[in-house]
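> Got a predicted structure plus its sequence, pasted below:
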Amino acid sequence: MSSEENPLLTLPRPIVDALFSSAEKEARSVKERILMLEKMARKVSEGFRFNRIAGSRKGCIAVADGSMSVAPSNRIGSLFAIYSAGYMVFDNGKLMDENYYAGSLSWPYGGARDFKTLLKLLMAYAERKAALEAYWKHNPDLILLDGPFFFFRGYCRYIHAVQVETPELKTGLDLVREVRDKTLTLMETGRAVCVIRRSGIRAVDGWLIYKQGEEACLRINDKHLLTMVMPPMTTWSYRDLCEDPLLYATFYRFYRRWRQAGRRPEELDKEKILSQCLEDWRRKFLSDLDIEFEKVPRLERHYVRYTGAAPPFEIETLANMKPEGFAEYFVEFHNPATGLPYPIDMVDEAVTLPRGSTTAFTEEVEARLIKDQDIENKTAISDYFTVLNPQKKEYI
């Protein structure tokens, strides 16, 4: 591999040597772990029930997705970011309609967490708006959403009082309620299914620790496990293992937190931890989304796999929905390279913001102000838009 192909080779020689030595150590460590995982995964999966995807069907499929700046354009005067969203509708595999939205957020207050929370909510608002527009216009058989139904929930409680500059909404709490209610409306259609591409939950490990103890734990996420053991053209449901995977995933997180803090397994009350997990979910839904957890329709998680050449993907559905019925729509309409339904890949490609777009947007704002004759002191503009770290050229 030449220096043009491997950026490590552009570093000083002592750093290159140290990293190559570390790579050799990591390879030996990972080798041992992979060999151990193969044995453990086979044992754990002996009780798994994989259901064959026996047929295929065609129909009308709507899909909605959104995208936002991976990081803000960080200027001395403000943070800037942008978001986009849109939908596509396919009838018997052919694109028949599409529409898109976009917007921006500037933030002079500081606090990256609150800025990101508000930006994610604005993106989710546009995404849910797009999904409902597709539903009302086309009455599709399925509505595919990217990510879990309530992916936007985290940290919403911290922006309830923030002023939102839109004609329809006044505060962050207004925005939270609007996105929440649009999400519930999509759930009530009975046709919305969430495709979770980047699933990282560890519900199986949480269940193993709770039922059998820490020594049974695989120490891998569920997607890794199912990639190892799940046959092509099958589905797998968490309901066959445990009642609520998110509860056991939270249990794993809480348990690991206590262990890393120095507590021994025999000191930990697993029943108490599980109760704390449920209470944590109730508290966060109420404080973040202003709704009681019990008022949210019960959801389930499943995995679908079409090909052995790509990992399976997770879906979130309303309770009692058969994942095989969902999977049949994409037997002849999935991307063999990613293993995902084609509509998910296509809308993702359409709405994803390319690298550099946030910087370009911020420069466009600055350029319009420079042309504005109402601002006589142009130095004030350049001061406002100076990048926070002048050592590096921004390209976000």
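Arrived safely, thanks for sending.

> Kindly indicate whether residue 84 is helix, strand or coil.
Three-state assignment for residue 84 (DSSP: H, G, I helix; E, B strand; the rest coil): strand.

> Pull the contacting residues for it.
Applying Cβ atoms under 8 Å, 6 or more residues apart in numbering, we find residue 84 in contact with 66, 67, 68, 100, 101, 102, 123, 126, 351, 353. (C-beta placed from N, C-alpha, C; glycine too.)

> How many neighbouring residues does the residue lying closest to it once chain neighbours are set aside have?
The shortest distance from residue 84 to any non-neighbouring residue, by Cβ to Cβ, 6 or more residues apart in numbering, is to residue 102 (4.4 Å). As a burial measure, residue 102 scores 16 neighbours (other Cβ atoms under 10 Å).

> What strand or helix carries residue 102?
Element membership for residue 102, per DSSP states H and E: strand 94-107.

> and that strand, what other elements does it pack with?
strand 79-91, helix 112-138, helix 342-351 (3 or more Cβ pairs under 8 Å, 6 or more residues apart in numbering; DSSP states H and E).

> pLDDT score for the residue nearest to residue 84?
pLDDT for residue 102: 97.

> ditto for residue 164
88.

> can I assume it is in contact with residue 174?
Yes - between residue 164 and residue 174 there is a contact under Cβ atoms under 8 Å: 6.5 Å.

> And the two? Which one has more around it.
A side-by-side neighbour count of residue 164 and residue 174, using other Cβ under 10 Å, places residue 164 first with 20 against 15.

> Give the ranges of residues in this structure that sit below the confidence cut-off.
1-4 (pLDDT under 70).

> all helices of it, in order?
Along the chain, the segments classed as helices by DSSP state H run 13-45, 112-138, 172-188, 203-212, 222-229, 245-260, 270-289, 323-328, 342-351, 357-371, 378-384.

> Now render those helices as a markdown table, adding distance to residue 147.
Output for those, formatted as a markdown table (distance: least, Cβ to Cβ, whole Å):
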| stretch | distance to residue 147 |
| --- | --- |
| helix 13-45 | 26 |
| helix 112-138 | 9 |
| helix 172-188 | 11 |
| helix 203-212 | 17 |
| helix 222-229 | 14 |
| helix 245-260 | 14 |
| helix 270-289 | 16 |
| helix 323-328 | 16 |
| helix 342-351 | 11 |
| helix 357-371 | 20 |
| helix 378-384 | 34 |
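
> contacting residues around residue 107?
If you count contacts by Cβ under 8 Å, 6+ apart, then residue 107 has 72, 78, 79, 80, 81, 114, 115, 118 around it.

> Equivalent analysis for residue 79, please.
Applying Cβ under 8 Å, 6+ apart, the residues contacting residue 79 are 72, 73, 105, 106, 107, 108, 112, 115.

> Run through the bridge partners of the fifth one.
Beta-bridge partners for residue 107, by DSSP bridges, are residue 79.

> gap between it and residue 65?
24 Å (Cβ to Cβ, to the nearest Å).

> next one: the last one
For residue 115, the distance to residue 65 equals 22 Å [Cβ to Cβ].

> More neighbours: these two, which one.
A count of neighbours by other Cβ under 10 Å puts residue 65 above the other of residue 115 and residue 65, at 28 against 21.

> quick one, what contacts the spatially most central residue of the chain?
Nearest to the mean C-alpha position of the chain, counting by Cα atoms, centre = their mean, stands residue 147 at 4.8 Å. Counting by Cβ under 8 Å, 6+ apart, residue 147 touches 194, 195, 196, 197.
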